[in-house]
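Q: Test case, fold it:
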Amino acid sequence: MTSIPSKKLWIRRQQCPCGDWKCYIAYEGDAEEASAAPELMKTEKASEAMVAPYVGMVFKSDEDAFDYYGNFARKNGFSIRKERSRLSPQLGIYKRDFVCYRSGFAPVKKKPNGEHHRDRKSVRCGCDAKMYLSKEIVEGVPQWFVVQFSNVHNHELLEDDQVRLLPAYRKIHEADQERILLLSKAGFPIHRIVKMLELEKGIQGGQLPFLERDVRNFVQNRKKVVQENEAMLSEKRENDILELLEACKAMKEADDDFVYDFTVDEHEKVANIAWSYGGSVNAYSMFNDVVYFDTPYRSITYGLLFGAWFGIDNYGRTIFFGCVLLQDETPRSFSWALQTFVRFMRGRYPQTIVTDLDPGLRDALRSELPSTKHVISIWNILSKVPSWFSLALDSRYAEFKSEFDALYQMDNAEEFELQWNQMISVFGLGADKHIDLLYSSRASWALSYVKVFYLARMDTTTYSKSIDAFLKGIFYGQTCLRSFFEQVGISANIQYQVRQEIQYICLKTCIPIEEQARSILTPFAFNALQHELLLAMQYATSEMANGSYIVRHFKRMDGERLVIWLPEEEQIHCSCKEFEFSGILCRHALRVFMAKNYFELPDRYYLNRWRREYSLFLDVDRNNQSVDDEWFQEYQSLAETLFAESSMTKERSDYVRRELTKELTRILNEVRSLPETDGVTMDLTVSPTSRNLPETDGVAMDLTV
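A: Got it, this is the predicted structure:
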């Protein structure tokens, strides 16, 4: 037994330079000596500096003591285990007993009839090697003291190459666990997995820190846990889906316009379910030209694929058309989803559908919507490109990404094919499966092919972000399908209730076409046309012998466009295909109209879907709205005159901004003090149409009331 030293013992944990485990180094002396003691590690082996535990040795915690004793045991040819502990209300656990792994004797097991089991060989032989600890509070700090220690063994101690095989030291680290599971899923047998790990680590056979049977036990236990979890998840999923189905039934009873449908599998369990709302069906009847089908999440849906249909209205707002939960991503499931959607929408097929890059969905679209144009969202492709190519191309990825972006923007299909083949050759991607997938789908995403498809400006970054915002709103914080269903209904209902704010749209040119467009188009569509009209003034036209025009930018020598003019039908066609793509005339066509001295565009170039009067809210009975037409006309005339007069000079503009804000604030406060109305919402959109207003000096003003 070692006596308690006169000086305080300091315990420091430090990485052992001789192995992978942690060593505890004990130093006897004062604090100053202890702080300098680690320097010994530079010249001494950890095993030489490490001392045996002894009575009076102090540790900060029982876990520190166990680690220290365990490292000592490993260096001396045995392992240890935790045995007893004692608990008190004041100190919590205050006694800890650590013993040799061969301490005690194996208990005798009996069969139910009283007969003894066949004895299995046990490693326990009554070894008395041990370390007992007791916790004390010293100056308010808990400390653990060694109160008994014995290093006397009644069995043979193991050599270094044997002690590592004791169960206590055969640990499969997390990185090895992941590799084992990956190889197991790939179909590798256990002995092959062990061989692979040895080869990857560059060690000889049998030198892994664990045995083949440890790998087998780990794989079997993990499979058992997965099976148990899957069973629990399957039961919860079934209950949640039944609750969702009950919610749909209840919604249908409360609202006859609500529609839903579902399928069952061979076990009569719900497999797929889809639903939509009356407001969505009404919106689709007006804006069914383009549909966006997104399949972004599986987060709370128990592995079910969530898909949602969206559109865009004439004010550029996202419309929710319906959603679906599918059990898998096979063409069969997608076909059911598409059939159900068309049935919900009373048999109306979309002109164009925008989706993500999914071969199963592509096959279903060809089968169920053969006459619908299919466009793959470029944002979906661009989000996948880094994960597909950055690792393979490494430092050349940035160059590849630049080439790919340029290819997407190309107008000419023949040039696209030529440049694509060159890109594949330069970057050595001829055998890449992702390149094959992109090329086989090129007619659905490359601009040189899809520019002739009508997308109603759903290809913009702004629209993509609005879809993401909607989806995050319905998925955020949802814990079950029932609450998810309710949140979808809330988000969709908010969209139907949105009304336009009162806006004044400022003219930025003196071109009569701009004023005409402002009186016809919604602010969203007018802003797009106004942008093109401003750019049109930077282009020059050259008339050809056949009456067509070549339109060029005044600086850029490349990018010229051919504009074909058919005077008999007042039709115009530009090689950029912008009108066919978005429904808004391009700068090139507008430049030709200006050259032809058109003060107004032909009516055909103001599509119904972008007109002010083409609205979801036309079905509101205006006779029931308390709108005084005379008062409104007077208000509109005053507003027009005020904005026109104030736009002539900066001094006038500053004055109107300052005084109008104060006056409107005063009126608003007085209105709020008056009795509330009957809740009827008034849609007051200031849309100046007068053509006899005083001319401005061209100063553009962005005044939104």
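
Q: from here on, contacts and neighbour counts on C-alpha atoms
A: OK.

Q: shaky segments in the stretch 401-550 of the chain?
A: 476-479, 494-504 (pLDDT under 70).

Q: can you pull the contacts of Phe293?
A: Phe293 sits next to Gly307, Ala308, Trp309, Phe310, Ile353, Val354, Thr355, Asp356 when contact means Cα atoms under 8 Å, 6 or more residues apart in numbering.

Q: is it true that Tyr54 lies in a helix?
A: No - the assignment for Tyr54 (DSSP: H, G, I helix; E, B strand; the rest coil) gives coil, which keeps it out of a helix.

Q: Which pLDDT value goes with it?
A: Tyr54 is assigned 92 on the pLDDT scale.

Q: What are the phi and psi values at it?
A: With angles defined as degrees, to the nearest 10, Tyr54 sits at phi -150, psi 160.

Q: Tell me, how many residues neighbour it?
A: 20 (other Cα atoms under 10 Å).

Q: Pick the one among the contacts of Phe293 closest to Leu668.
A: Phe310 (37.0 Å; Cα to Cα).

Q: Quick check: neighbours of the host helix or strand of the closest one in the sheet, parallel or antiparallel?
A: Following DSSP states H and E, one finds Phe310 within strand 305-312. Its sheet considered, strand 305-312 pairs with strand 290-297 (antiparallel), strand 318-326 (antiparallel) by DSSP bridges.

Q: Which of the ones you listed sits closest to Glu198?
A: Closest among the strands paired with strand 305-312, using Cα to Cα: strand 290-297, at 39.2 Å.

Q: now the closest one: mean pLDDT?
A: Here the average pLDDT along strand 290-297 is 86.

Q: Alpha carbons of the strand holding Phe310, as CSV, please.
A: Listed next in CSV are the C-alpha coordinates belonging to strand 305-312 (Å, rounded to 0.1, in the frame of the first residue of the first chain):
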residue,chain,number,x,y,z
LEU,A,305,-42.8,13.0,-51.3
PHE,A,306,-44.6,16.4,-51.1
GLY,A,307,-45.5,18.0,-54.3
ALA,A,308,-47.3,21.3,-54.9
TRP,A,309,-48.8,23.0,-58.0
PHE,A,310,-48.4,26.8,-58.3
GLY,A,311,-49.3,29.5,-60.9
ILE,A,312,-48.9,33.2,-61.3
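
Q: Need the contact partners of it.
A: Contacts with strand 305-312, where a contact means Cα under 8 Å, 6+ apart, come from 284, 287-288, 290-298, 318-329, 456, 458.

Q: Only the buried subset of those residues, as a ChimeraX command please.
A: Filtering those down to the buried ones (16 or more other Cα atoms under 10 Å) takes a single ChimeraX command:
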select :284,287,288,290,291,292,293,294,295,318,319,320,321,322,323,324,325,326,327,328,456,458
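
Q: C-terminal to the helix or strand containing Arg213, what's the next element?
A: Arg213 is part of helix 212-254 when elements are defined by DSSP H and E. Following helix 212-254 in sequence order, the next helix or strand is strand 259-264 (DSSP H and E).
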